[in-house]
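1. structure for the following, please:
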Amino acid sequence: MTSKLKRDQIPSQEANNWRASFEEEKRLTFNLEVSQIVLQKETYKTLAGENENRLRIYLGLEPISENGKLELCAFAVSAFLLGSGDVYVDYETPVYKLEEQNVDFSLKSKEVIDSIRRYRSWRLGELDAENETAAVRKFIYPNAYLLTKFELHEIFNIQNKKAALLEFGISKTMNVMISPEADGNSGDEPNVFNYSGLCPPDCDDRSIYNS
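-> Numbers count the residues shown, from 1 in each chain. Reported below is the predicted structural model:
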């Protein structure tokens, strides 16, 4: 019998599938070098503060090296809840670069912004427009991640780990697309929508059809 998952925990089999999908995507649309991305406990404590604010991780690109390789990097900032909604706003400082030893980049905000902009240019297929797969990256790769407080609290406060490793995976799920039925009188492409929530996790556990 498998043990109960902790909040925000991904089952190991699913995590391995995500990793395998990412390795597959590296042969198709992902042409970046990835160094180890680490969040240290002291960095977490500084950014989360007494209120255990959430952390937002921005993806960036290192300056293009002499050999032309593009390398992914990441920066962490603190994000606080604005009002009573679900909007989380960044504190501009402090900001840390998540290398093996985290580096305070609070006095290098222009470098951080330039790095994020380079990544977004890559994501939009602008850095290597001749690559035929570049145009689809924007559908696969996000700009940033808003981490929950629960996973970091578990790692750093409950398990008392000194650092957390950030790695990437891709989840491949068949989703539903909804569009107006064509009436045959218009040559225009119909609008396609996806306002659905996937089950799981958006399930009605009380339904007889989900028992």
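2. shaky segments in this protein?
-> Low-confidence segments of the chain (pLDDT under 70): 1-2, 66, 184, 186-187, 208, 211.
3. need the strands for it, in chain order.
-> Taking DSSP state E, the strands of the chain run over residues 33-34, 37-40, 54-61, 71-81, 88-97, 103-104, 144-146, 163-166.
4. look up how far Gly83 lies from the residue most central in space within the chain.
-> For the chain, the residue sitting closest to the mean C-alpha position, by CA atoms, centre = their mean, is Tyr145 at 3.8 Å. In this view, Tyr145 and Gly83 are 22 Å apart by CB to CB, to the nearest Å. Just so you know, the C-beta spots here come from the backbone N, C-alpha and C atoms, and that holds for glycine as well.
5. next one: Ser65
-> 43 Å.
6. and the two? Which one has more around it.
-> Ser65 (10 against 7; other CB atoms under 10 Å).
7. return the residues in contact with the more buried one.
-> Glu71 (CB atoms under 8 Å, 6 or more residues apart in numbering).
8. what about it, distance to Leu166?
-> Separation of Ser65 from Leu166 (CB to CB): 22 Å.
9. repeat for Asp114
-> As judged by CB to CB, Asp114 and Leu166 stand 21 Å apart.
10. near the nearest residue to Leu127 once chain neighbours are set aside, how many other residues are there?
-> Excluding its sequence neighbours, the residue lying closest to Leu127 (CB to CB, 6 or more residues apart in numbering) is Ser121, at 5.2 Å. Number of residues near Ser121 (other CB under 10 Å) recorded here: 13.
11. just confirm Ser121 contacts Asp128, I think it does.
-> No. Using CB atoms under 8 Å as the test, Ser121 is too far from Asp128 to be in contact (9.7 Å).
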